[in-house]
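Trainee: Please find the sequence and the predicted model below.
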Amino acid sequence: MQRFLSFLLFAVILPTCLLAQEIMPLSEVKSGMAGVCRTVFRGDRPEDFPVEVVDVLYNYNYPKRNLILIRLKGEKAEHTGPAYGMSGSPVYVDGKVIGALSQLVGFFLREPLAGVTPIEEMLEIFNREDSRDRELAVFIPPAPNKFVEMSLGLQDLSWENFVPQELLQRRTALSGSIRPLDLPLSFGGIQPALVELAASLLKPAGFHVITGGSAGPEASKLYKSGFDAESAALLQPGAAIGAVLLAGDMNIEAIGTVTYRRDNRVLAFGHPFFDSGPVEIPISLAKIALIVPSDFASSKIGASSSLVGTLRQDRTTGLYGIIGEPPALTPMTVRYTDEAGKASQFEFRFTEERTINTLMPLIMRFVLVNALESARLATGENSLQLTGSIHLQNGAKIALEDFYPGFTSISGFGFLNGILQSTGEVASTLGAIMANNFQPAKLSRIELNFTSVPGRRSATLEEVWIGRSEVEPGDTVTVFARLKAFQGPEKLFHQRLAIPKNAEGRYLTINVGGGDDLALLERRMMPGRFVAHNFQQLLSLLQERRRNDFIYYQLRQPDQGLIIEGEQLSSLPPSVYSVMQSQNLKGNASFIREQILAETRQQISMAAAAPKNENDAPYAVTGLKTLRLKLRTQ
């Protein structure tokens, strides 16, 4: 009932001028024609400024794709020139739409020139809705990425590894002397250091990352209320429009301008977002705070105020959206408890649009880092305990439980503090699910709980030994491990390991160490161990990830086996193994030369006496040691 009343109100207040707009065919556009361009300079009300048609470039970039060149006039437009965020601003001649301001014509120009996408070519997007369902029915695997490897501790959690190179290259390919206006990507509520980092990572793809904010103190509530009829009525040609990636206590959206409206359908931008075809991303009415003038390139600064519909097509000549109920966004709750026990909570909702599922993990990491640093009011040394879960719509659940010390070294990039390490693993785990190679995977909700522990709580494995060098099947051995805390004491641990009665071979191997170090060893010894071949195997890999705050003891024996499509075949007969070796297997198969007989773990505490609760005084373990035992068999 409430939704019906919203649409009824929307229909009542809809300006009649939006129900029909005359267009001027490109064949009638001539050099020297005078017209106006409509855009928002401040607030949410469009303003007109004069323009003059300079010429028409036919077969521009593509066959039968054309570009209208215009000269901007008027005090405001001549002061700013074509600004980032004006993409989609409609251009009128004799009251008829000729197209959308969309292209930047060089830099440091002596006069403000711009390119206009002809309206006829934008109207073609309407027809693409006819094939939408057929296109969406095809599952397209995502571009290559490193999310699985990062989530399992096999790749460094550097920011560069999160950048979706192939996705961003689509936009990079659009660059040239005449190129689409960069899109302002507004980061609302995010600290300047992260905005600068985002700008450096995303600038090559034509995104102008800016510090944004909320359009008002109640903006976060508007996102929860769904469709806003009053704002939808303001989404007329020339209004600022946002493509919303994330909303809530922080907001991230790309800002452009509405070009054309027919009933509840709108066209915008005049150039692609990612040129992804059919999409489903929330759109919003945006408010512009100001246009920052620059001799290099001016830019609008603004933020979304309310959700008004759904972006459904992302095409070469522009975007197509429908005004109405926006698509569902996935909720995420982040709770942070500081060293003094004070709790903070942040709430977000984000899009799971499939065509940008390799970009969203980077966005999520920015948001998580910002939330934790905001709650802690510091960026100095501390360790973090994480508990939480990722819930999928199919009922599956990935538990997130781990401990992250103050600083962890990574190759070539220095160190990660606890915040960067924990958020990197959470974001890469989300990426592994959202951008998987097997099937569409929709999330239900995400719940994250971070608890801060003062100082750098890490311990290094210094030495490992056992009391004897020979064993028999059925024996039990005690493994001793000496760990040293960072700038702290040493402590001796021991663990009993049972030698299985079916153990065979001339020797056995015992590996002792931290979870990530053991994973890296397994990748070298068993290359197929961390390769999933279906969605269920992927979820199992993510669920079984070893924790940082345990020391692991692993017993192995020599083996002649295979891993085929994620399934391990151990102890193959020598004749079969020889035949397999001669086949030079590739692809979904890999050889293994050791078999894991047993694995156990022990949570460590560096306190003088064991704590009452095993979760007290956690430390993260680094280092790996290997022992060899001679096996006596009858």
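Mentor: Sure thing, it's come through. Numbering: from 1, shown residues only.

Trainee: Quick check: end-to-end length of stretch 311-331?
Mentor: End-to-end distance for stretch 311-331, by Cα to Cα, to the nearest Å: 19 Å.

Trainee: Only the buried residues of that stretch, if you could.
Mentor: In terms of neighbour count (16 or more other Cβ atoms under 10 Å), stretch 311-331 has its buried residues at 311-324, 326-327, 329-331. Using the backbone N, CA and C atoms, a C-beta is placed for each residue, glycine as well.

Trainee: Now, the residues you listed that are in strands?
Mentor: In strands, judged by DSSP state E, the following of those are found: 311-315, 318-323, 330-331.

Trainee: got the residues you listed as CSV, with pLDDT and distance to Leu362 columns?
Mentor: CSV is the format used below for those (pLDDT from 0 to 100; distance: Cβ to Cβ, whole Å):
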residue, pLDDT, distance to Leu362
Leu311, 97, 20
Arg312, 97, 24
Gln313, 97, 24
Asp314, 96, 19
Arg315, 95, 24
Gly318, 96, 25
Leu319, 97, 22
Tyr320, 98, 26
Gly321, 97, 24
Ile322, 97, 28
Ile323, 96, 30
Thr330, 96, 16
Pro331, 96, 20
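
Trainee: just curious, which of the residues you listed is nearest to Ala598?
Mentor: Nearest to Ala598 among those is Thr330, at 39.6 Å by Cβ to Cβ.

Trainee: just checking, that closest one touches Ile446?
Mentor: Yes. At 7.1 Å, Thr330 counts as touching Ile446 under the criterion of Cβ atoms under 8 Å.

Trainee: Just the closest of the ones in strands among the buried residues of stretch 311-331 to Phe273, please.
Mentor: Asp314 (4.8 Å).

Trainee: residues in contact with the closest one?
Mentor: For Asp314, the contacting residues are 272-279, 355, by Cβ atoms under 8 Å, 6 or more residues apart in numbering.

Trainee: make it 7 Å
Mentor: By Cβ atoms under 7 Å, 6 or more residues apart in numbering, the residues touching Asp314 are 272-277, 279.

Trainee: Report the buried members of the residues you listed.
Mentor: With burial judged by 16+ other Cβ under 10 Å, the buried subset of these is 272-274, 276-277, 279.

Trainee: quick one: which of those residues is nearest to Leu392?
Mentor: Nearest to Leu392 among the buried ones among the contacts of Asp314, counting by Cβ to Cβ, is Val279 at 21.3 Å.

Trainee: which residues pair with the residue nearest to that closest one when sequence neighbours are not counted across the strands?
Mentor: Sequence neighbours aside, Asp314 is the residue nearest to Val279 in space, at 4.9 Å (criterion: Cβ to Cβ, 6 or more residues apart in numbering). Beta bridges link Asp314 to Gly277, Leu319, judged by DSSP bridges.

Trainee: Asp314 and Phe274, how far apart?
Mentor: 6 Å (Cβ to Cβ, to the nearest Å).

Trainee: got it, and Thr429?
Mentor: Applying Cβ to Cβ to Thr429 and Phe274 gives a distance of 24 Å.

Trainee: now do Arg546
Mentor: Noted for Arg546: a distance of 36 Å to Phe274, by Cβ to Cβ.

Trainee: now do Gln495
Mentor: Applying Cβ to Cβ to Gln495 and Phe274 gives a distance of 51 Å.

Trainee: ditto for Glu352
Mentor: Using Cβ to Cβ, we find Glu352 at a distance of 15 Å from Phe274.

Trainee: now do Leu539
Mentor: Distance of Leu539 to Phe274, computed by Cβ to Cβ: 28 Å.

Trainee: go on, Gly85?
Mentor: Using Cβ to Cβ, one gets 18 Å for the distance from Gly85 to Phe274.

Trainee: ok, now Gly505?
Mentor: 54 Å.

Trainee: Looking at the buried ones among the contacts of Asp314, spot the one nearest Asn251.
Mentor: Checking these one by one against Asn251 (Cβ to Cβ), the nearest turns out to be Phe273, at 17.0 Å.

Trainee: Quick check: chain neighbours aside, which residue is closest to the closest one?
Mentor: Of all residues not flanking Phe273 in the chain, Asp314 sits nearest, at 4.8 Å (Cβ to Cβ, 6+ apart).

Trainee: before we move on, what about Met250?
Mentor: Closest residue to Met250 apart from its sequence neighbours, by Cβ to Cβ, 6+ apart: Gly189 at 4.1 Å.

Trainee: That neighbour against Ile252, yeah?
Mentor: No. With contact defined as Cβ atoms under 7 Å, Gly189 does not count as touching Ile252 (9.3 Å).

Trainee: Show me which of the two is the more surrounded one.
Mentor: Taking other Cβ atoms under 10 Å, Gly189 and Ile252 do not tie; Ile252 has more neighbours (30 against 21).

Trainee: Alright, that wraps it up for me.
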